[in-house]
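# My questions concern the predicted model and sequence given below.
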Amino acid sequence: MCSLNGSLGNSTNCSHVDEPLFHDIIQNRSVQAVFCMLYTVIFVLGIFGNVLVCYVVGRNKAMQTVTNFFITNLALSDILLCTLAVPFTPLYSFVGQWIFGPVLCHLVAYAQGTSVYISTLTLTSIAVDRFFVIIYPFQPRMRMSTCTAIIVFIWLFSLLATLPYGIFMSHNNKGIDSDFFYCEEDWTENYRKAFGAFTAMAQFVLPFFIITFCYVRVSLKLNDRAKCKPGAKNSRREEIDRERKRRTNRMLIAMVTVFGVSWLPLNMVNLINDVNESTGDWPYYNLCFFMVHAIAMSSTCYNPFLYAWLNENFRKEFKQVLPCFERPTPVNGNQCGPNTASMALTSGHRKSLGGSQKKNRGTTNTMTTDAKEEQVACNGDSSVQEEVPFKASYSKTDDQVCLHLEEGEEEQLAANGHDTPVDLEQLRLPVDAHLLDREAQNLQKPGDFI
């Protein structure tokens, strides 16, 4: 029977034996029909979601930010996975031979392995970017040129790391039947095991630990920020903050869990097959491989939701492109209205939420609208409306003035990374301690927002 090799290139190592093919449960027509439907759903959802992500970023220059470029790169790699890994791997096994010719034998395995690397390394880059935005908010943000360089490095490293798939694939008939061809790896056992171990470490183990570390630190930082936040809260505000924090933590946990659950089973099967090649002769090996392979490929459907749909700006663009996702506007009086309870202080410069900078002469005090709290209470959305300015609180010891990020702003950064209307460069402007003293006299209690 034919047994699939567990490599990330999804190549096949078929050996001809006298055992009938129907002993392999994957050759059962009903089982094949189930997997065909499953792969079809993955293909349609993956292509639709990721093409939509690329489209909304390409059509709107305001969406072309550092984080969105990473998300677009992730979408491109997922499109490659859907195009190459989803259809070719099951077709090869179900047909029982490679019918796509020698060129695709080398190209498909190479492109599959490359797209997997690009996907996981991009997820790692997104996690690291959010880590630095939250943990070190006063450091300069990543520039677009740096983001582009990282993406280019990801592609080059992925192409080089999976190059053996393009070189050591063999399109042959094993001397059995001139019309019956296989596509399999053709190198020594030691090289195959070493390459499998390297792939598992570079493609899964290291990215998984980095992603987990970054999001755990971000979650702990948000919790510490809530405990140290100045000023008293009423019970309603505390409940809103707790719910927002729970929602953010659930999202971070989901990102780590989806990555681990999607790719751990496939990597375990790959390692077992590399260590013991005879595992391919187990009666249920092919069934097991296709189950874990389908789970890994399903990540192409989850990524657009976790990294794009949960992003406020992406969601707005999706609703413009697909009006069916737009919620009907309430007609009663329970709409979220403005709240003018907070004061915004602008010193020397004021940056609009769209990222443009307006220079003002002197120092300006401005009373602004704060609809954030009611927005959270009304629709559960913790993001900041475009007309709501960035807010910070301050504390003063002797002549030292410290500005503090407002809790919701940090959580928004954790959710959206650089793709957020909050501009931390505003905090790098000089702060006049005497001006803050004068403003503090107008505040009703310590810890009010300025």
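That came through, no problem.
# Just give me the neighbour total for the residue lying closest to L45 once chain neighbours are set aside.
Distances taken as CB to CB, 6 or more residues apart in numbering place C301 nearest to L45, at 4.3 Å, with adjacent residues excluded. The C-beta positions use only the backbone N, C-alpha and C, and glycine is treated the same way. The local packing of C301 (other CB atoms under 10 Å) involves 20 other residues.
# Over to the one 10 residues further on?
When neighbours are defined as other CB under 10 Å, N311 has 24 of them.
# again with N303
Around N303 there are 27 residues (other CB under 10 Å).
# and it, which of the three is it?
Assigned by DSSP: H, G, I helix; E, B strand; the rest coil, the conformation of N303 is helix.
# ok, the residue nearest to L45 touching I42?
Yes. Using CB atoms under 8 Å, C301 is in contact with I42, at 6.1 Å.
# overlap in contacts of those two?
Common contact partners of C301 and I42 (CB atoms under 8 Å, 6 or more residues apart in numbering): none.
# Show me the shaky parts of this protein.
1-23, 175-178, 225-234, 325-450 (pLDDT under 70).
# Domains of it: list them as residue ranges, please.
2-323, 343-442 (automatic domain parsing).
# May I ask you to name the longest helix in the protein?
When the chain is parsed with DSSP state H, its longest helix is helix 235-275.
# now the residue nearest to L45: how far from V258?
Separation of C301 from V258 (CB to CB, to the nearest Å): 10 Å.
# for L322, same thing?
23 Å.
# So these two - more neighbours on which side?
V258 (17 against 11).
# got a list of what that one touches?
V258 touches 299, 302, 306, counting by CB under 8 Å, 6+ apart.
# among those residues, who's most crowded?
Neighbour max across those (other CB under 10 Å) = S299, 22 neighbours.
# Can you verify my assumption that that residue contacts W263?
Yes. Assessed by CB under 8 Å, S299 is found in contact with W263 at 7.2 Å.
# export the contacts of V258 to a markdown table and tack on distance to A149?
Shown next, in a markdown table, are these (distance: CB to CB, whole Å):
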| residue | distance to A149 |
| --- | --- |
| S299 | 26 |
| Y302 | 28 |
| L306 | 25 |
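# Could you report the neighbour count for S278?
Residues lying near S278 (other CB under 10 Å) number 9.
# Quick check: the gap between it and V321.
On the measure of CB to CB, S278 and V321 end up 51 Å apart.
# Likewise for L80?
Taking CB to CB, one finds L80 at 22 Å from V321.
# Next: C105.
Distance of C105 to V321, given as CB to CB: 38 Å.
# So which of these two has more stuff around it?
Set side by side, C105 and V321 show more neighbours around C105, with 23 against 12, by other CB under 10 Å.
# which secondary structure element contains that one?
helix 101-135 (DSSP states H and E).
# Pull out the buried residues from that helix.
104-134 (16 or more other CB atoms under 10 Å).
# what comes into contact with whatever helix or strand comes next after that helix?
Per DSSP H and E, the first helix or strand lying C-terminal to helix 101-135 is helix 144-161. With CB under 8 Å, 6+ apart as the test, helix 144-161 has contacts from 66, 69-70, 73, 113-115, 117-118, 121-122, 125, 198-199, 202-203.
# Stretch 74-91 now?
With CB under 8 Å, 6+ apart, stretch 74-91 has contacts from 4, 10, 32, 35-36, 39, 42-43, 46-47, 49-51, 53-54, 100, 104, 108, 111-112, 114-116, 118-119, 122-123, 126, 290, 293, 297, 299-300, 303-304, 307-308.
# 7 Å - rerun?
For stretch 74-91, contacts defined as CB atoms under 7 Å, 6 or more residues apart in numbering pick out 10, 35-36, 39, 42-43, 46-47, 50-51, 53-54, 108, 111-112, 115-116, 118-119, 122-123, 290, 293, 297, 300, 303-304, 307.
# Let's see stretch 273-288 as PDB, backbone CA atoms only.
Output in PDB follows, covering the C-alpha atoms of stretch 273-288 (Å, rounded to 0.1, in the frame of the first residue of the first chain):
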ATOM      1  CA  ASN A 273       7.700   8.900  10.700                       C
ATOM      2  CA  ASP A 274      11.200  10.300  10.400                       C
ATOM      3  CA  VAL A 275      12.400   8.300  13.400                       C
ATOM      4  CA  ASN A 276      10.700   5.100  12.300                       C
ATOM      5  CA  GLU A 277      10.000   4.900   8.600                       C
ATOM      6  CA  SER A 278       8.000   1.700   9.000                       C
ATOM      7  CA  THR A 279       5.200   3.600  10.600                       C
ATOM      8  CA  GLY A 280       4.000   4.200   7.100                       C
ATOM      9  CA  ASP A 281       2.900   0.500   7.000                       C
ATOM     10  CA  TRP A 282       0.600   0.900  10.000                       C
ATOM     11  CA  PRO A 283      -3.000   0.200   9.000                       C
ATOM     12  CA  TYR A 284      -4.400   3.600  10.100                       C
ATOM     13  CA  TYR A 285      -1.300   5.700   9.400                       C
ATOM     14  CA  ASN A 286      -2.800   7.400   6.300                       C
ATOM     15  CA  LEU A 287      -6.000   8.100   8.100                       C
ATOM     16  CA  CYS A 288      -4.100   9.600  11.000                       C
END
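# element containing I99, please.
I99 is part of no helix or strand, with elements assigned from DSSP H and E.
# quick revisit: quick one: contacts of whichever helix or strand comes after the longest helix of the chain?
The helix or strand immediately downstream of helix 235-275 is helix 285-297, counting by DSSP H and E. Outside helix 285-297, the residues that touch it by CB under 7 Å, 6+ apart are 3-4, 6, 24-26, 35, 38-39, 42, 81, 85-86, 89-90, 93, 262-263, 265-266, 269, 279.
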